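Trainee: no FASTA, just this:
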């Protein structure tokens, strides 16, 4: 059984995002026509159907939209992290981003709690964005 945490799948749609993460910079697509910042990336804007977009940096700040505390590891590599928190973060740019919440007691987490991005640097060359409460 493989106890290594899974790595993200790099493809043409996500390459720019993961390159930004490697430099500890969250980046999202922004429609060049209507200005919608979006995640996940796509070739067409879901709001105005434009094919024109650019990648823009995000501040990495937001609030918890919703969350779940996991007490069972659904992959063996996460066993030592129990309990761990998976949260949807509503970033200031309007994007809803699924990530882990770290650096806090899971019993104190609340929806609406302000958070900021922190980085988990992996030896494989990836930096994984996670979030922690703003102190």
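Mentor: Thanks, I have it. Just so it is clear, the structure is predicted and the values come from calculations on it, not from any experiment.
Trainee: contacts and neighbour counts: CA atoms only from here.
Mentor: Noted.
Trainee: quick one: average pLDDT of the strand or helix carrying residue 117?
Mentor: Under the assignment given by DSSP states H and E, the secondary-structure element containing residue 117 is strand 114-121. Across strand 114-121, the average pLDDT comes to 98.
Trainee: quick one: contacts of that strand?
Mentor: Residues external to strand 114-121 that are found in contact with it (CA atoms under 8 Å, 6 or more residues apart in numbering): 24, 60-64, 127-134.
Trainee: what packs against the next helix or strand after it?
Mentor: Proceeding N to C from strand 114-121, the next assigned helix or strand is strand 127-133, under DSSP H and E. Using 3 or more CA pairs under 8 Å, 6 or more residues apart in numbering; DSSP states H and E as the contact criterion, the neighbours of strand 127-133 among helices and strands are helix 15-22, strand 96-101, strand 114-121.
Trainee: so for residue 84, which of these sits nearest?
Mentor: Set against residue 84 and scored by CA to CA, the helices and strands packed on strand 127-133 come closest in strand 96-101, at 7.5 Å.
Trainee: got the domain boundaries for the protein?
Mentor: In the assignment given by automatic domain parsing, the structural domains of the chain cover 11-57, 59-135.
Trainee: dump those domains into TSV; add distance to residue 4 as well.
Mentor: Output for the domains of the chain, formatted as TSV (distance: least, CA to CA, whole Å):
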stretch	distance to residue 4
domain 11-57	19
domain 59-135	5
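Trainee: to residue 5, which of these lies closest?
Mentor: Among those, the nearest to residue 5 by CA to CA is domain 59-135 (5.2 Å).
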